[in-house]
Every structure is written in C-alpha cells, then in structure tokens.
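*Asks:* predicted model and sequence follow; I will ask about them next.
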Amino acid sequence: MQGLFITFEGPEGAGKTTIIQKLASDLEKLGVKVLLTREPGGIQISEKIRHVILDPNNTEMDARTEALLYAAARRQHLVEKVVPALNEGTIVLCDRFIDSSLAYQGYARGLGIEEVFSINQFAIQTLMPDKTLYFDIEPELGFERIGNNEGREVNRLDLENLDFHYKVREGYHILLEKFPERMITIDASKQMEQVYTQTKEIVEKLIGRLHL
C-alpha cells in the first residue's frame, strides 16, 4: 500500500470530527490527495449498520451484538473504501477505527480488550492504522461541548451514564500504553485553534515522511 492510514480517536465531545473536517479541507487546498471517512459508516452498508448501532431506541442491544456490528461495518468499510484508496496512494483520515471498539466495547462494556481485538482481527486481517491521534478530554467537558452543539446527532452512546464514559477514557489510556509507537495524545481540552494547529503539524510531518 502506498497511502497513509491515519485514524482519530477520543471520547464523546472531544471535537475530533470538527478538527478532521477542517484538516481534510486544508490538505486538499495544498494539493494532497485526501479521503475523509468515518466509522461506523463511510459507505451505504456500513451507514445502515451505524443507524442500528446508534439508534437511541435500541437500548436493549447486547454488548456482544454491538461489538460484532461494529466489526461487520468496519470490514465492509475497509474493503469497499479504505483499502482501494490506500492502494491509490491516498491519505485516508478516518474518524474512529478499531481503538473505539477496544475502548468502548472491550473495556467500558467489560467484554475484554483482547477478546474484542480478536473479533476485529477477523474483520481487518493485518491492516492497522499507520498512526492514531487520540483527543483526550474529561467526560464532563466533553458533554458540556455536546450540549452546546445543536447540530450534533444524539446517539445511543450519549445516553450512557458518566461512569461509562470515564471507563471509555480509561480504556483509551490503556491503549496508549499498549500501542505507544502508533498512538499520539492531543490535549482536546485546549482551545479549538490550538488543538487544530497541533493536529495539522503532526499530520503534515507524517505526510512529509511518506514522500521522503
């Protein structure tokens, strides 16, 4: 593969989606071949699975069912959109990937990080991100931001209690220790412009290395 696969992770309200959209736009203006996509979703089949997973009415969904649906959406997204783009030399910026499943279902839901990783290995085979930017934020501040963002969709995960979201953050911190060479932490509690500047600098360096 000639492209670069960069994923963006973080708890609810970290602001990563806004950052990624601006980043993709600015990189395109510089002539960089960029694909901006998201999980779950990105293509028709995976977007339909996303609707099932995040529908606030589906409160009875079992944790294992949830993990399997994420993995299924991930597989289809990869083979239909991400892998072809990487093979064409595209810089793929993906809003969430496998680490979300490990933090949310593996740790916060209590299914086990290794167990959920094994499910996803079947889905992704050997494809892991080249680099993952983790946007770290306290759950209270994240939800304060969500409350101030009228345009944001309210999904089933937003309805979980604060303890759940603290566990999600703990799960991400475990992953940071597990994958220190792949994951980079960004303090998302700072002003948006500061967060964006740091993010853009990191990604531009990664793109620069790709073309050395």
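*Replies:* Structure's in. What do you need? Residues are numbered from 1 along each chain as shown.
*Asks:* so which residues make contact with the helix or strand hosting residue 45?
*Replies:* Following DSSP states H and E, one finds residue 45 within helix 44-54. By CB atoms under 8 Å, 6 or more residues apart in numbering, the residues outside helix 44-54 that reach it are 39-41, 58, 61, 66, 69-70, 72-74, 76-77, 80, 153, 155-157. Any C-beta I mention is one placed from the backbone N, CA and C, and that applies to glycine too.
*Asks:* buried ones among these?
*Replies:* By neighbour count, with 16 or more other CB atoms under 10 Å, the contacts of helix 44-54 hold 39-41, 66, 69-70, 72-74, 76-77, 156-157 as buried.
*Asks:* spatially central residue in this structure, please.
*Replies:* Geometric centre of the chain, nearest residue: residue 96, 1.2 Å, by CA atoms, centre = their mean.
*Asks:* for the helix or strand containing residue 177, which residues meet the burial criterion?
*Replies:* Applying DSSP H and E as the criterion places residue 177 in helix 162-178. For helix 162-178, burial by neighbour count (16+ other CB under 10 Å) applies to 165, 167-169, 171-172, 175-176.
*Asks:* then it to CSV, C-alphas only?
*Replies:* What follows is helix 162-178, C-alpha atoms only, in CSV (Å, rounded to 0.1, in the frame of the first residue of the first chain):
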residue,chain,number,x,y,z
LEU,A,162,-20.9,9.4,33.2
ASP,A,163,-19.3,6.3,34.8
PHE,A,164,-19.4,4.6,31.4
HIS,A,165,-17.7,7.4,29.7
TYR,A,166,-15.0,7.6,32.4
LYS,A,167,-14.4,3.9,31.7
VAL,A,168,-14.1,4.7,28.0
ARG,A,169,-11.4,7.2,28.7
GLU,A,170,-9.6,4.7,31.0
GLY,A,171,-9.8,2.2,28.2
TYR,A,172,-8.1,4.7,25.8
HIS,A,173,-5.3,5.3,28.3
ILE,A,174,-4.7,1.6,28.5
LEU,A,175,-4.4,1.5,24.7
LEU,A,176,-1.9,4.4,24.8
GLU,A,177,0.3,2.2,26.9
LYS,A,178,-0.3,-0.8,24.7
